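1. here is my input, please return the structure:
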Amino acid sequence: MTSILIASNATDAEAIKKAIGETFTVQAIKSPSEFAGLVEKPDLILLDHTFTEHSGIDFLRDLSSKHNLPVLMLAPADDYKCAFEALQVGADNYLVKTSNYHQLLNFSIEETLKRFKQQKQMIETINALRKRVAELEKRLGIPDKKPALATTQKKERNTYEEIAFRLTTGEISIPSLPQISIKFREMVNRGASAQEITNLLKHDAAISSAIIKISNSAYYRGMSKNTTLEQAISRLGINVTKAQVELVASKALYVTDNAEYTQVVRNLWEHSLSCAYASQVLAEIVRLKNPEEAFTMGLLHDIGKLGLLKIISELESNRKLENKVQSKELVEMLDTYHCEFGTTLLKSWRFPDEYLQVTKYHGNLEEADPASKGLIIVHFANLLVKSMGYGQAKQAATDLENTASNRFLKLNSESIETAKKKVGELMAEWSNSLGGLS
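-> Numbers count the residues shown, from 1 in each chain. Below you'll find the predicted structure:
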């Protein structure tokens, strides 16, 4: 039977034992010192925010640096930052401790274990394939296809190989998407009712308050102000709510405790958000059936950069890299590998194939055969927001009317300017009305 270790205070530990004891083998510890004395390590650690004075984050950080164990964080309902920080430090998933959170414990544990296993298998497969391809190319005398970058390129390849090695050995793990986003997507796909969806979202205070805020924003505002989650979802509709849940859940990933990467992360978030809005606006202009789906594709198109950045930051914090990654090297590495790594991430998060095509080919539309409508939209949106300067050091000079994606979209200069204006308005609204989520 699967073994679960509860790291919590005595009172909560007993309640948790009662909730999951029939499904799992359970033991509990009341302090970090007890963990070192365990004869056998558990299959999963259920870490309560009451475990230490620092919400268990200090224990989690030490644990992640020494062991490769799945961790499910039990976060307080009144402090969403605890869950975000736990994911940043090394937790695989989190569950907010609402009044009836015990009902979700078994499901949350199973989901965390499943995801942990899938990520491990996927990493092993990717690295095995990479090794076989490299060996084959060497035997055939095929030169390295990546652009020569003198000594910097040599260091870049070493850094990436180090990341691959650490992923394979389990010393670091692929970042995970918050559980509520996965569960919400599953519920929408099976046609869950608005009431079922409302009941799920009520378990996450951060997402609930954000959905209410969004429903009252200028873009969606009605005749009266929404004050409840039910009212907000009714106004937004299921599809828009789904896109906004994924926006808030994704925002939780864009945090770092490495001061040197703070601005890089902020730029990544600004570019991703603007591309999401641009994708939705463009989808509406060309009358795509579900513009909210395009929004999420745009939001996640560069997720590989964030994933790699988090791993590099973790390796540097743990002093696992021989040399610190320099600024130029970092940019080159993220640009070179983010498409491949982003596709790996979304596959581990169980996103549909069309999303995988977007992460893989959003910078090289010509390589996709055939290119989906979603990919074409995101390709153009990506170029559009770069031309507006979002997430960039300076605006990119691009002839948008003559891009590969616009050969399909056939947007004229007037439509492009309309899209730019709308994206600018939405970004300003996010900053003014919803910036508190950042």
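
2. enumerate every residue touching Ala91.
-> By Cβ atoms under 8 Å, 6 or more residues apart in numbering, the contact set of Ala91 is 47, 60, 71-73, 176. Bear in mind the C-beta positions are built from the backbone N, C-alpha and C, glycine included.

3. show me those residues that map onto helices.
-> By the criterion of DSSP state H, membership of those in helices covers Leu60.

4. for Leu306, helix, strand, or coil?
-> helix (DSSP: H, G, I helix; E, B strand; the rest coil).

5. show the end-to-end separation of stretch 21-36, please.
-> Start to finish, the residues bounding stretch 21-36 are 23 Å apart (Cα to Cα, to the nearest Å).

6. let me see the mean pLDDT of that stretch.
-> The average pLDDT for stretch 21-36 rounds to 92.

7. count of neighbours near Tyr335?
-> If you look again at residue 335, you'll see it is Asp, not Tyr. By the criterion of other Cβ atoms under 10 Å, Asp335 has 11 neighbours.

8. for Asp78, same thing?
-> Going by other Cβ under 10 Å, the residues that sit close to Asp78 add up to 9.

9. just the contacts of Ala91: which has the poorest pLDDT?
-> Within the contacts of Ala91, pLDDT reaches its minimum at Ser176, with 66.

10. right, and the helix or strand after the helix or strand bottoming out on mean pLDDT in the chain?
-> For the chain, counting by mean pLDDT, DSSP states H and E, helix 150-169 ranks last in confidence among helices and strands (a mean of 56). Counting by DSSP states H and E, the element after helix 150-169 in chain order, helix or strand, is helix 179-189.

11. can you name every helix or strand that that next one contacts?
-> Under the contact criterion of 3 or more Cβ pairs under 8 Å, 6 or more residues apart in numbering; DSSP states H and E, the helices and strands touching helix 179-189 comprise strand 93-97, helix 105-140, helix 194-201, helix 238-251.

12. give me the buried positions along that helix.
-> Neighbour-count burial for helix 179-189 flags 179-185, 187 (criterion: 16 or more other Cβ atoms under 10 Å).

13. what does stretch 206-222 give?
-> By neighbour count with 16+ other Cβ under 10 Å, stretch 206-222 contains the buried residues 206-216.

14. so which of these comes closest to Pro42?
-> Ala206 (28.5 Å; Cβ to Cβ).

15. three-state assignment of that closest one?
-> The local conformation at Ala206, judged by three-state DSSP, is helix.

16. you'd agree it is up against Lys251?
-> No. Contact criterion Cβ atoms under 8 Å: Ala206 and Lys251 do not qualify, at 9.3 Å.

17. run a quick neighbour tally on Ile20.
-> The burial count assigned to Ile20 is 19, neighbours taken as other Cβ under 10 Å.

18. quick check: the closest residue to it other than its chain neighbours vs Ser431, distance?
-> The shortest distance from Ile20 to any residue other than its chain neighbours is 5.2 Å, reached at Leu105 (Cβ to Cβ, 6 or more residues apart in numbering). Spatial separation of Leu105 from Ser431 under the definition Cβ to Cβ, to the nearest Å is 38 Å.

19. then Lys242?
-> Here the criterion is Cβ to Cβ. By it, Lys242 lies 23 Å from Ser431.

20. same check on Phe35?
-> Phe35 sits at a distance of 43 Å from Ser431 (criterion: Cβ to Cβ).

21. tabulate the buried residues of stretch 206-222 (JSON lines), appending distance to Asn290, secondary structure and pLDDT.
-> Compiled in JSON lines, those are given as follows (distance: Cβ to Cβ, whole Å; DSSP: H, G, I helix; E, B strand; the rest coil; pLDDT from 0 to 100):
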{"residue": "Ala206", "distance to Asn290": "25", "secondary structure": "helix", "pLDDT": "74"}
{"residue": "Ile207", "distance to Asn290": "21", "secondary structure": "helix", "pLDDT": "79"}
{"residue": "Ser208", "distance to Asn290": "24", "secondary structure": "helix", "pLDDT": "83"}
{"residue": "Ser209", "distance to Asn290": "26", "secondary structure": "helix", "pLDDT": "81"}
{"residue": "Ala210", "distance to Asn290": "21", "secondary structure": "helix", "pLDDT": "80"}
{"residue": "Ile211", "distance to Asn290": "19", "secondary structure": "helix", "pLDDT": "84"}
{"residue": "Ile212", "distance to Asn290": "23", "secondary structure": "helix", "pLDDT": "86"}
{"residue": "Lys213", "distance to Asn290": "23", "secondary structure": "helix", "pLDDT": "84"}
{"residue": "Ile214", "distance to Asn290": "18", "secondary structure": "helix", "pLDDT": "82"}
{"residue": "Ser215", "distance to Asn290": "19", "secondary structure": "helix", "pLDDT": "83"}
{"residue": "Asn216", "distance to Asn290": "24", "secondary structure": "coil", "pLDDT": "83"}
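
22. which one among these gets closest to Ile6?
-> For these, the closest approach to Ile6 (Cβ to Cβ) belongs to Ala206, at 24.3 Å.

23. list the residues that contact the closest one.
-> Taking Cβ under 8 Å, 6+ apart as the definition of contact, the neighbours of Ala206 are 80, 83, 248, 252, 437.

24. quick check: the farthest pair among these?
-> Ala83 and Leu437 (13.5 Å).

25. tell me the contacts of the nearest residue to Gly90 once chain neighbours are set aside?
-> Setting aside the residues directly before and after it, Gly90 is nearest to Ser64 in space (Cβ to Cβ, 6+ apart), at 3.1 Å. Counting by Cβ under 8 Å, 6+ apart, Ser64 touches 71, 89-90, 314.

26. next: Ala7.
-> Ala7 makes contacts with 28-29, 32, 35, 45-48, 51, 56, 59, as judged by Cβ under 8 Å, 6+ apart.

27. just Phe107 next, same as before
-> Taking Cβ under 8 Å, 6+ apart as the test, Phe107 contacts no residue whatsoever.

28. circling back: how about the contacts of Ser64 in CSV, adding neighbour count?
-> Output for the contacts of Ser64, formatted as CSV (neighbours: other Cβ atoms under 10 Å):
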residue, neighbour count
Val71, 27
Val89, 22
Gly90, 23
Glu314, 25
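
29. filter those down to just the ones in helices.
-> Residues of the contacts of Ser64 located in helices (DSSP H): 89, 314.

30. for stretch 260-271, give the mean pLDDT please.
-> Mean pLDDT, computed over stretch 260-271, is 89.

31. go through that stretch and flag the buried ones.
-> By neighbour count on 16+ other Cβ under 10 Å, the buried set for stretch 260-271 is 261, 264-265, 268-271.

32. equivalent analysis for stretch 416-436, please.
-> For stretch 416-436, by 16+ other Cβ under 10 Å, it's 416, 419-420, 422-423, 426-427, 429-430, 433-434.

33. with that, I have no additional questions.
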